[in-house]
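Engineer: the following comprises the amino acid sequence and a computationally predicted model.
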Amino acid sequence: MTAVPVVFFLLIASDAAGLDSSGMRISGRNSVADTLHDRARTFGIDFDRENPKAPHVTPEESRALFEAGLGPWLNAEVERGDDWISEPPASVREFLKSHGDAVWDVIAALEKHSPEWDVKPDEPLWMSIPLIPTISLERVLCATALVEEHDGRMFESTRALEASWSLGRVVGERRDRMSQLMSIAIEKFQTGVLRKLREPSLTWMGRLARDDPWTRMLDTLTDEKAQRDPSGLPDSFSVAVQKSRLAIADGLRKVSPCELRRLTGEDLRRLAEAALPAETSAQKPPPNLPEGAQTVREAVKGIVVENYVSALRRASRLSVDRELSLRILLLKLAQQTSPKNLWPSELTDPGSTACPDASYVYRVDSGGMEIRFEGSIDVPTMGTVLPLSFHSGKSAATPTPARSPATPPTPEAP
């Protein structure tokens, strides 16, 4: 177990190679993006729906993807706190079988390289990536990984999950709030699937140990450039927004993800307010801003807190979700390298790195091992919710996978 950090260091160096300092590629669409445009369309995902000259997904293809129910089944599996994978519904198997060639063409392309998209000079960064199609494809890739793992094809499962990482890393590298919210949604799928794998991945251990969503979101608060509103918001207002974001980020770097739960919106507004010049108390706010704001100071506090509180809380929870998944993978590795294939008798260090005031409770019995996060952390109010405990094998109560609703839902928030 003591040698693992050295392995992490080597993997981190390997994964980071070739990235520029900005984490952004300013270039045209590459061949991987072209493959996604072409092949994903055949199973109902349109990466080029804003282009009137491009071929698009038919209503039948879109309906087939929805009715297959990959998303509900994936959510039901990763929201259960064990490593059991239930029998995939017939609709899921049929969809992946009938579209198998296209799905595996996409996986093969993503294994070679991440997609690169056209970045327009005057466009917000998040608009240059087709985020909604990316989320849809992530569900297909993660569901494919679960099906392959269920059927005992571990190599194929690993390939599908690696393709998911290759696709999602383009989103996670962007330092803007919308991209980070989408990255959190993607990483919840990946983090939940990882807990189900029989063969723990050293590569994924390195990724989980290196990249912290909480720090990433704080960096986004610091780095995200103020965008000029098309209605003509003055530069002074944009500067005030940026100053307040920096103040919140600086203040929150002193607390852990778990400590965020004890902070209210008013606490964050006070952090933002401290960075604003005194004259903002008398200045009138620009039009089309939060109702009731009488001054620039009130408007800035409302915008920054409203836009970032939810994002910060989701990032804080994902930090703990990922840490628990890393603990699970390390325990599986220790078991598989044990001469008698035994679970470790105790945790080497039960303390949480993400939340220093929290810890992990661990026990081993005849049924396997159980590990549980013991701390106070925000509960997501939307999207996929990963459990804060895990039991090896099959839980005593295994819920029936959720079925698709009768009518297409509104796209899930990240």
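Structural biologist: Thanks, I have it. Numbers count the residues shown, from 1 in each chain.

Engineer: now do the strands in the stretch 51-200 of the chain.
Structural biologist: Assigned by DSSP state E, counting those that start in this stretch, the strands in the stretch 51-200 of the chain number zero.

Engineer: remind me which residues of the stretch 1-150 of the chain are low pLDDT?
Structural biologist: Low-confidence segments of the stretch 1-150 of the chain (pLDDT under 70): 1-27, 119-128.

Engineer: show me how far whichever strand or helix holds residue 36 is from its chain's centre.
Structural biologist: When elements are assigned from DSSP states H and E, residue 36 belongs to helix 31-39. Distance of helix 31-39 from its chain centroid, counting by C-alpha atoms, centre = their mean, to the nearest Å, is 22 Å.

Engineer: again with stretch 333-346
Structural biologist: 30 Å.

Engineer: do the same with stretch 199-216
Structural biologist: Taking mean C-alpha positions (C-alpha atoms, centre = their mean), stretch 199-216 and its chain are 12 Å apart.

Engineer: for that stretch, buried residues please.
Structural biologist: 200-201, 204-209, 211-214, 216 (16 or more other C-beta atoms under 10 Å). Yep, even glycine has a C-beta here, placed from its N, CA and C like the rest.

Engineer: mind putting these into CSV with secondary structure and distance to residue 348?
Structural biologist: Shown next, in CSV, are the buried residues of stretch 199-216 (DSSP: H, G, I helix; E, B strand; the rest coil; distance: C-beta to C-beta, whole Å):
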residue, secondary structure, distance to residue 348
200, coil, 16
201, coil, 20
204, helix, 20
205, helix, 15
206, helix, 18
207, helix, 21
208, helix, 17
209, helix, 15
211, coil, 22
212, coil, 21
213, helix, 24
214, helix, 23
216, helix, 27
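
Engineer: so which of these would you say is closest to residue 394?
Structural biologist: residue 200 (18.6 Å; C-beta to C-beta).

Engineer: what's near enough to touch that closest one?
Structural biologist: 329-330, 332-333, 336 (C-beta atoms under 8 Å, 6 or more residues apart in numbering).

Engineer: do I have it right that residue 80 meets residue 387?
Structural biologist: Yes. Between residue 80 and residue 387 a contact is recorded at 7.1 Å, counting by C-beta atoms under 8 Å.

Engineer: the two: who's more crowded?
Structural biologist: Per other C-beta atoms under 10 Å, whichever of residue 80 and residue 387 has more neighbours is residue 80, with 24 against 18.

Engineer: helices of this structure, residue ranges please.
Structural biologist: Under the criterion DSSP state H, the chain contains helices at 4-16, 31-39, 59-68, 70-78, 90-98, 100-112, 131-150, 154-172, 177-194, 202-210, 213-223, 235-252, 265-274, 296-337.

Engineer: out of these, nearest to residue 361?
Structural biologist: helix 296-337 (11.2 Å).

Engineer: helices or strands next to that closest one in the packing?
Structural biologist: helix 177-194, helix 202-210, helix 213-223, helix 235-252, helix 265-274, strand 368-374 (3 or more C-beta pairs under 8 Å, 6 or more residues apart in numbering; DSSP states H and E).

Engineer: what angle sits between it and helix 202-210?
Structural biologist: If you take axes from the mean of the first three to the mean of the last three C-alpha atoms, to 10 degrees, helix 296-337 sits at 140 degrees to helix 202-210.

Engineer: what angle do helix 296-337 and helix 235-252 make?
Structural biologist: Using the same axes, to 10 degrees: helix 296-337 against helix 235-252 is 40 degrees.

Engineer: okay, now residue 348: neighbour count?
Structural biologist: 10.

Engineer: state the distance from it to residue 93.
Structural biologist: 41 Å (C-beta to C-beta, to the nearest Å).

Engineer: that older thread, which one of the buried residues of stretch 199-216 is nearest residue 53?
Structural biologist: residue 216 (36.2 Å).

Engineer: touching, that closest one and residue 171? I think so.
Structural biologist: No. Between residue 216 and residue 171 there is no contact under C-beta under 8 Å: 11.3 Å.

Engineer: intersection of neighbour lists for these two?
Structural biologist: residue 183.

Engineer: redo the helices of the chain as CSV? Include distance to residue 361.
Structural biologist: Below are the helices of the chain laid out as CSV (distance: least, C-beta to C-beta, whole Å):
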stretch, distance to residue 361
helix 4-16, 21
helix 31-39, 43
helix 59-68, 38
helix 70-78, 21
helix 90-98, 34
helix 100-112, 38
helix 131-150, 27
helix 154-172, 28
helix 177-194, 20
helix 202-210, 20
helix 213-223, 22
helix 235-252, 27
helix 265-274, 30
helix 296-337, 11
